[in-house]
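Peer 1: would you be able to build a 3D model of this:
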Amino acid sequence: MKIILLGAPGAGKGTQAEIISRKLGIPTISTGNILRAAVKEGTPIGLQAKSYMDAGKLVPDEVIIGIIQERLAQPDCAGGFILDGVPRTIAQAEALERHGINFDAVLSLEISDEVIAARLTGRRTCHACGATYHVVTAPPQKEDICDKCGGVLEQRKDDLPETVKHRLEVYHSETEPLKGFYEGKGVLKRVPDLGGIDETNAKIMELLGK
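Peer 2: Below is the predicted model:
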């Protein structure tokens, strides 16, 4: 099954992608993780992407589509995959179609801006392994220290309040129109905010017919 996860930054796409991946046995392709790895390694594409990511702006299409094509060509994607973080614009969606990449379901996580802002500004990320925590809902056992690897937790620049506000504005203007795009193709499935991770996932599996 080929799936896209749509939703504002902080809507829980990464968390749900991980659960769906485990249940369906298909890989999650997260452009955020791929790009952050490139930034950390200081690769040319990473340095190019860094300035956009730090400002909460969208990374250019040619960078995103190139990374995605390369990843989807790998053998583990033959039976399906989950895209988390792409497409972000109708132009990207059309580019994926031109390359013969189509989808069985597009899941839209419907979360209010107020809930998103509270989630993101409280988020902390491990600079070493990328694990994420939340100061209120999912704190680490030891303050500012990653439970998994012992790395230092920090607030990413794109989780600062002023950047979160900008990221939400970008989402509404650039990415939200994708809901109409995929609704027209008959593959959009809206997932309401049910409060909990398990409840939301149960609804997702129901919508997928699993």
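
Peer 1: helix or strand right after the helix or strand bottoming out on mean pLDDT in the chain?
Peer 2: The helix or strand of the chain with the poorest confidence is helix 31-41; it has a mean of 75 (mean pLDDT, DSSP states H and E). Next helix or strand after helix 31-41 toward the C-terminus (DSSP states H and E): helix 44-54.

Peer 1: report the buried residues of that next one.
Peer 2: Neighbour counts over helix 44-54 (16 or more other C-beta atoms under 10 Å) mark 45-46, 49-50, 53 as buried. The way it works is simple: take the backbone N, C-alpha and C, and place the C-beta from them, glycine included.

Peer 1: repeat for stretch 60-79
Peer 2: Neighbour counts over stretch 60-79 (16+ other C-beta under 10 Å) mark 61, 63-65, 67-68, 71-72 as buried.

Peer 1: swap in stretch 174-184?
Peer 2: Applying 16+ other C-beta under 10 Å to stretch 174-184 flags 174-175, 178-179, 181-182 as buried.

Peer 1: before we move on, what about stretch 105-118?
Peer 2: For stretch 105-118, by 16+ other C-beta under 10 Å, it's 105-109, 111, 116-118.

Peer 1: so how far is residue 5 from the residue located most distally from the centre of the chain?
Peer 2: Farthest-out residue of the chain from its mean C-alpha position, per C-alpha atoms, centre = their mean: residue 142, at 26.6 Å. Distance, residue 142 to residue 5, using C-beta to C-beta, to the nearest Å: 31 Å.

Peer 1: what's the answer for residue 20, then?
Peer 2: Using C-beta to C-beta, residue 20 is found at 8 Å from residue 5.

Peer 1: coming back round to it: closest one of the buried residues of stretch 60-79 to residue 147?
Peer 2: Ranked by distance to residue 147 (C-beta to C-beta), those are led by residue 71 at 28.1 Å.

Peer 1: helix, strand, or coil at the residue lying closest to that closest one once chain neighbours are set aside?
Peer 2: Leaving aside its chain neighbours, residue 71 sits nearest to residue 29 (5.3 Å; criterion: C-beta to C-beta, 6 or more residues apart in numbering). The assignment at residue 29 comes out as strand when based on DSSP: H, G, I helix; E, B strand; the rest coil.

Peer 1: could you pull out the helices for the protein?
Peer 2: Counting by DSSP state H, the chain has these helices, from start to end: 13-24, 31-41, 44-54, 61-72, 90-98, 113-121, 161-170, 177-183, 197-207.

Peer 1: from the chain's centroid, how far away is the fourth one?
Peer 2: In other words, helix 61-72. Averaging C-alpha positions (C-alpha atoms, centre = their mean, to the nearest Å) puts helix 61-72 15 Å from its chain's average.

Peer 1: share the number of residues neighbouring residue 7, please.
Peer 2: Residues lying near residue 7 (other C-beta atoms under 10 Å) number 23.

Peer 1: what does residue 154 give?
Peer 2: Residue 154: 12 surrounding residues under other C-beta under 10 Å.

Peer 1: for the closest residue to it other than its chain neighbours, what are phi and psi?
Peer 2: Spatially, and ignoring its direct neighbours in sequence, residue 154 is nearest to residue 127 (5.6 Å; C-beta to C-beta, 6+ apart). Phi and psi for residue 127, reported as degrees, to the nearest 10, are phi -70, psi -20.

Peer 1: dump the residue contacts of residue 127.
Peer 2: Going by C-beta atoms under 8 Å, 6 or more residues apart in numbering, residue 127 touches 151-154.
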